[in-house]
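Asks: Quick one, fold the following:
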Amino acid sequence: MKIIAVIVTYSSRAEYLSQVVGECLSQGVDKVIIIDNGSPIDNQKKIRELQLLDPLERIIIHVNDKNEGSAPGFGLGIRLATEESDDDSWLLILDDDNKLGVGAISYLRTLAHDNGFYNAYCCLRCDRKHYTDFLATRDQKILLGAPNAFVYFSFIEFIKNRLNRVKCLPIPNDNNEPIHCPCGPYGGLFISTQAIKKTDSPNESLYLYFDDTEFTLNLKNHGITLWLAPQAKVFDIDKSWGNEKLSNHFSHQYLEADEFRMKYFFRNRVYLEKKYFVNKKYVYGLNIFIYLFYLGIRAVLSGSISKYKIICKSVIEGWNFGTKDGTH
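Replies: Predicted coordinates for the structure are as follows:
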């Protein structure tokens, strides 16, 4: 069984990438395919040095002229890895700041050997609270959101939580065995090339955000079972934008992020919700109205009206995305 790591990087992130690649190789990954999404020339040189320092020539680099986005980058990496693989090979997909925990590869090899090609695994992202919460409760709403929720906000769930003071108690998982998982990120996804050949390719038109959610959500439609593997841990070296400290008391993380991120975050989330999770449009519309009203108040108080307008526009684009009259 060979394991090929697929890593997409961009900007000046060679320092993170070198740690991720080094840990992969030290744990026995057979080959690493790096998709350089249009990083600066000096960063490209540093990545090239990683390749030259490996005497076993296990690192393959593909350089895009510009940043093609997450979905096209991972789509290309998956295709190249599949071409380089044997029938019994497995792919480990990682972001450029996803450092493997001790023993992750050994554990993933055992799972693959014992359970066959049509089970895929998500490593536990220890720095992502929603995955640790899901592991503790098995509540799929933590990962997917409630039906008809807008960006995980549901007015009905909000009222239920206020009226019901009984919290969802943790479910014992003493053996840390894998549990069924509805979806997961690219970062930490372990999947066989045989399974990849049965699946749909990543939706490259999404460009950035939630393309991995859609990709993994659809695995079950091709007879592939997705599991969260808590003993295979991944740690984020870089700090996520959602965890940064707010500039003032009235602001919100969505009003603090750059316009580029917010455009694709809201557009793609609405696209995903409409396609997979909305069964009552009037309830969904109510959730949108309430949440955007709340966010609008915070935008006024924090002086972020221009950012708020971009979010509202992106919500509309997301609703129309992929339709005849939409943006694509």
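Asks: Every contact and neighbour count from this point should use C-alpha atoms.
Replies: OK.
Asks: just checking, residue 130 touches residue 142?
Replies: Yes - assessed by Cα atoms under 8 Å, residue 130 is found in contact with residue 142 at 6.1 Å.
Asks: Name the residue in these two with the higher neighbour count.
Replies: Higher neighbour count among residue 130 and residue 142: residue 142, with 17 against 14, using other Cα atoms under 10 Å.
Asks: tell me the SS of the more buried one?
Replies: Under DSSP: H, G, I helix; E, B strand; the rest coil, residue 142 falls in the helix class.
Asks: repeat for residue 34
Replies: Classification of residue 34 using three-state DSSP returns strand.
Asks: Residue 7 now?
Replies: Of the three states, residue 7 takes strand according to three-state DSSP.
Asks: what's around residue 140, how many residues?
Replies: Here the number of neighbours of residue 140 (other Cα under 10 Å) works out to 16.
Asks: meant to ask about residue 295, not that
Replies: Look at residue 295: counted by other Cα under 10 Å, it has 20 neighbours.
Asks: list the contacts for it?
Replies: Residues in contact with residue 295 (Cα atoms under 8 Å, 6 or more residues apart in numbering) are 252, 308.
Asks: Report the separation between it and residue 270.
Replies: Here residue 295 is placed at a distance of 16 Å from residue 270 (Cα to Cα, to the nearest Å).
Asks: Same check on residue 100?
Replies: Using Cα to Cα, residue 100 is found at 32 Å from residue 270.
Asks: Could you tell me how many residues sit around residue 306?
Replies: By other Cα under 10 Å, 12 other residues sit near residue 306.
Asks: quick one: it is in a helix?
Replies: Yes - counting by three-state DSSP, residue 306 is found in a helix.
Asks: any idea which strand is longest in this protein?
Replies: When the chain is parsed with DSSP state E, its longest strand is strand 225-236.
Asks: buried set for stretch 8-20?
Replies: Buried residues in stretch 8-20, counting neighbours by 16 or more other Cα atoms under 10 Å, are found at 8, 9, 10, 12, 13, 14, 16, 17, 18, 19, 20.
Asks: what do you get for stretch 21-40?
Replies: By neighbour count on 16+ other Cα under 10 Å, the buried set for stretch 21-40 is 21, 23-25, 29-39.
Asks: same check, this time on stretch 131-140
Replies: Applying 16+ other Cα under 10 Å to stretch 131-140 flags 131, 132, 134, 135, 137, 138, 140 as buried.
Asks: average pLDDT across it?
Replies: The average pLDDT within stretch 131-140 is 92.
Asks: Over to stretch 205-214?
Replies: What stretch 205-214 shows for mean pLDDT is 95.
Asks: what distance separates that stretch from the centre of its chain?
Replies: Centroid displacement of stretch 205-214 relative to its chain, using Cα atoms, centre = their mean, to the nearest Å, is 8 Å.
Asks: Repeat that for stretch 228-245.
Replies: Going by Cα atoms, centre = their mean, where stretch 228-245 is centred and where its chain is centred differ by 11 Å.
Asks: just stretch 108-120 next, same as before
Replies: Going by Cα atoms, centre = their mean, where stretch 108-120 is centred and where its chain is centred differ by 21 Å.
Asks: Now do the contacts for the residue lying closest to residue 29 once chain neighbours are set aside.
Replies: Leaving aside its sequence neighbours, residue 29 sits nearest to residue 3 (Cα to Cα, 6 or more residues apart in numbering; 5.4 Å). Counting by Cα under 8 Å, 6+ apart, residue 3 makes contact with 29, 30, 31, 89, 90, 91, 92.
Asks: does residue 3 have beta-bridge partners, and which?
Replies: residue 90 (DSSP bridges).
Asks: measure it to residue 157 for me?
Replies: From residue 3 to residue 157 the distance is 42 Å (Cα to Cα).
Asks: Next: residue 49.
Replies: 52 Å.
Asks: quick one on the thing from earlier: would you list the contacts of residue 3 in a markdown table and tack on pLDDT and distance to residue 65?
Replies: Conversion of the contacts of residue 3 to a markdown table gives the following (pLDDT from 0 to 100; distance: Cα to Cα, whole Å):
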| residue | pLDDT | distance to residue 65 |
| --- | --- | --- |
| 29 | 98 | 27 |
| 30 | 97 | 27 |
| 31 | 97 | 23 |
| 89 | 97 | 29 |
| 90 | 98 | 28 |
| 91 | 98 | 25 |
| 92 | 98 | 25 |
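Asks: Start and end of stretch 52-59, how far apart?
Replies: Stretch 52-59: ends 9 Å apart by Cα to Cα.
Asks: ok, now stretch 55-67?
Replies: End to end - Cα to Cα - stretch 55-67 spans 29 Å.
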